Structure formats: C-alpha cells, structure tokens
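Colleague: All I have is the shape, not the residue letters:
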C-alpha cells in the first residue's frame, strides 16, 4: 500500500503513495476540485454533494474523486464537458434549496459555495431549478452561535466535528430526502441539547448555516 | 407526546427485556428499534434514549435512524387510525385536500397523534382501489371519494361511536383538548 507511484492530473505529473484518495492528492498539489461533504480521515466517504467529479482515462463514466484511490499511471482530468455538466447540475440543485442573499450572509466572501462558483464560473443564482423556499426556523438559542437551516447544504461537516472532534453527539441528520435536516434529538433547541458550545461545528461549516453571533 | 399512566414503566420493562436478547453493538440498532416498536406500537422518546444508553451512542444517532426509515413511527397509534392515500390517482383527484382537511379538523399534522390519543393521521401509498380515489382508510375500513365534507362526516361518525360509549368521557376529552390548545 505504501508504494510510491506517479499519477497525472491535468497534465501535471504528481508523485504520491498508492491507495491515497484522489481528492486529497489533488488538493495537496494545488489542483482545486470542488467539494463539500468530503472529510479527510473519514473511512467511508459520504459522496453526497456530487461536486468532486473527475474523469479518469480508461473509465467510461466520471467518478467522484473523494471515493477514488490513486493507482500507478492514473491519468485524471478535472475539467471535461461531462464533468462540468455534472458539477453544474449538482451545484444548481444545491442552490435550489439554499437561501441566497449573500450580502446579508455572515459567511459572505468566506463561503465554499462562492468559491466553487468562482472557480468553475457558475452563477450564484437560481436559474434552471427554482428556489424551493421551504419554511425553516433559525435556532439562535446558543449563546455564541446560531443555526440557519435555510443556508445548510447538508454536507455533514458539523456532525463529523460534533461526533469525532468534540465527542459530544448533540447533532445528527434527521429524516430523509427533501426533509433531511441537521437536527438535535427530538428537534429540541440546541440550548436544551447536550451541545457544549465548543464551536467546532461552526468552524467546520463551509457555508452560512452555522455562524458565530457578533458580540454587541 | 405525554406518556400515559404506567406507560413509562412499560417502556422501561420492555426495553430491559429486549436488551437481554441483543449484544450492545451498533449494528443491532435497527433490530432493537423494530422489536421496541413491535411491543410498544411506536418508538417513545424515552425508549430511544434507553437504546442509545445501551449501545453507547448519542441519542441523536438513534433519532436520526428512526426518522430516516418510514417503518418507524415516533407517535403512538391513535384509537382511530386514519390513513390518507397519496398514491398517484388519489393525489391527482385531491388526496392532499383530504389530508389537509383532516389536519385542520384534528389539529395535528400528518404523522402525528392527537394529545388524547383518539386519532392518528398518516399518509400511505396506494391502497389498491384507485377507482374510489381519493381514498381514506379509517380503522381498516375503506372510505372512497373523500371530499372535505366527507372528512367532517367521517370524524362526526367516529365521535358518534364514542359518545355511545359514554357521553361524559366525550366531554372530558373535549375539555382536555381545549386545555391543550390553550
């Protein structure tokens, strides 16, 4: 498993170790691949955001780079017509359930969605899929931060931070399909949950769903 | 949902018995939940907390799984179980309207139970008699072509059956319902 190999990503030769996950190899070598749900160190990747597609020579379909181990002589393309189409659709679908209004968002200019839009020249607007605009309630019960589900992209970064880093276990995914949300046990407020307000989940959030309250 | 008298004891007793049949491993979570629901009719919050304790995982992980699968219900079945069909045919001719009428009349949402546990309301997929659409199944009894007026009729007839059982009991629940609303 620890054999040194050479792979090619977008014509760039990269020396790495066999069995590593392609997404992290690419990112470590300054090749940007959009991603939201991937977590380095997690055994089974979620592969749910569908943004990290790449094409590999010899495979007839694009693959998610967060699930793909590298092998010797691998030739990867991060930008092809097929990849761009998949990523564009996935991004538009994510936006269809994401409240925009970046100007009033606490993560403005520090948002992963904005970064992806910029890198891939995608529009931060509701275009093909109209905005669902579901009614959600903001939970601002904690003293130091608040949670706005309407800006959540369901990447699971906060849940990983809560379970594996903070070892608290206050939040998790509830329900499924369009009803899927990040929730506490029995949908109680964060204040009533085991949450310790360590803030690790807020730091992990790539978008404006979890944000620290401004000291006033 | 408030627990009934003696229900807490029943939950504790049954979960304790069930835990003896299983190893405290995470992969046993689904079979345990199924067994709890088989015995208690639903998954009470207290039972989920006990299961989490038993398996050594956060309660929210049990909750996540219980809300993911449609086979698990978090609210107790009512004395009268109302199932509104949301199959294609029923949906097209106004199954949603029937469901919303029930929601308004009973003052609960789909998947919930009235606080007095008289009625529970849920949506189901096709019941198999699309010519009668929109279909509602009340206590295993099929009701066809259910309009909002028919919804009122169904509830009235269910209340009528109840008042036969005893006028006073009915008054009690009404009072109770009023109290809950306030």
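Modeller: Yep, that arrived. Not measured: the values here are computed from a predicted model.
Colleague: Identify each buried residue in the helix or strand in which residue A:26 is found, please.
Modeller: Element membership for residue A:26 (DSSP states H and E) is helix A:22-28. The neighbour-count criterion (16 or more other Cβ atoms under 10 Å in any protein chain shown) identifies A:22, A:23, A:24, A:25, A:26, A:27 as the buried residues of helix A:22-28. Any C-beta I mention is one placed from the backbone N, CA and C, and that applies to glycine too.
Colleague: Stretch A:138-154 too?
Modeller: A:139, A:142, A:145, A:146, A:147, A:148, A:149, A:150, A:151, A:152, A:153, A:154.
Colleague: Dump these into a markdown table; add distance to chain B and secondary structure as well.
Modeller: Conversion of these to a markdown table gives the following (distance: Cβ to the nearest Cβ, whole Å; DSSP: H, G, I helix; E, B strand; the rest coil):
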| residue | distance to chain B | secondary structure |
| --- | --- | --- |
| A:139 | 14 | strand |
| A:142 | 16 | coil |
| A:145 | 18 | strand |
| A:146 | 19 | strand |
| A:147 | 14 | strand |
| A:148 | 19 | coil |
| A:149 | 15 | helix |
| A:150 | 19 | helix |
| A:151 | 21 | helix |
| A:152 | 15 | coil |
| A:153 | 18 | coil |
| A:154 | 12 | coil |
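Colleague: Got the domain ranges for the chain?
Modeller: I'll assume chain A. According to automatic domain parsing, chain A comprises the domains A:4-78, A:135-216.
Colleague: look at chain B instead
Modeller: Each domain of chain B is listed here as a residue range: B:7-68, B:80-181, per automatic domain parsing.
Colleague: Which of the ones you listed sits closest to residue A:106?
Modeller: Closest approach to residue A:106 among the domains of chain B (Cβ to Cβ): domain B:7-68, 24.7 Å.
Colleague: On the pLDDT front, check residue 69 for me.
Modeller: Just going to use chain A. At residue A:69, the model reports a pLDDT of 96.
Colleague: other chain: chain B
Modeller: pLDDT, residue B:69: 94.
Colleague: residue nearest the centroid of the chain?
Modeller: Because you didn't say which chain, this covers chain A. By Cα atoms, centre = their mean, chain A has its centre lying nearest to residue A:36, at 1.3 Å.
Colleague: that's the wrong chain, I wanted chain B
Modeller: Centroid-nearest residue in chain B, with Cα atoms, centre = their mean: residue B:77, separated by 3.8 Å.
Colleague: my guess is it meets residue B:43, correct?
Modeller: No: Residue B:77 is beyond contact range of residue B:43, at 11.8 Å (criterion: Cβ atoms under 8 Å).
Colleague: Helix, strand or coil: sort out the residue in chain A that chain B sits nearest to for me.
Modeller: Nearest residue of chain A to chain B (Cβ to the nearest Cβ) works out as residue A:169 at 2.5 Å. Under DSSP: H, G, I helix; E, B strand; the rest coil, residue A:169 falls in the coil class.
Colleague: max-length helix in the chain?
Modeller: Just going to use chain A. Determined from DSSP state H, the single longest helix within chain A is helix A:81-96.
Colleague: you looked at the wrong chain, it should be chain B
Modeller: helix B:148-165.
Colleague: So for that helix, mean pLDDT?
Modeller: Taken as a whole, helix B:148-165 has an average pLDDT of 87.
Colleague: Since that was my last question, I'll sign off now.
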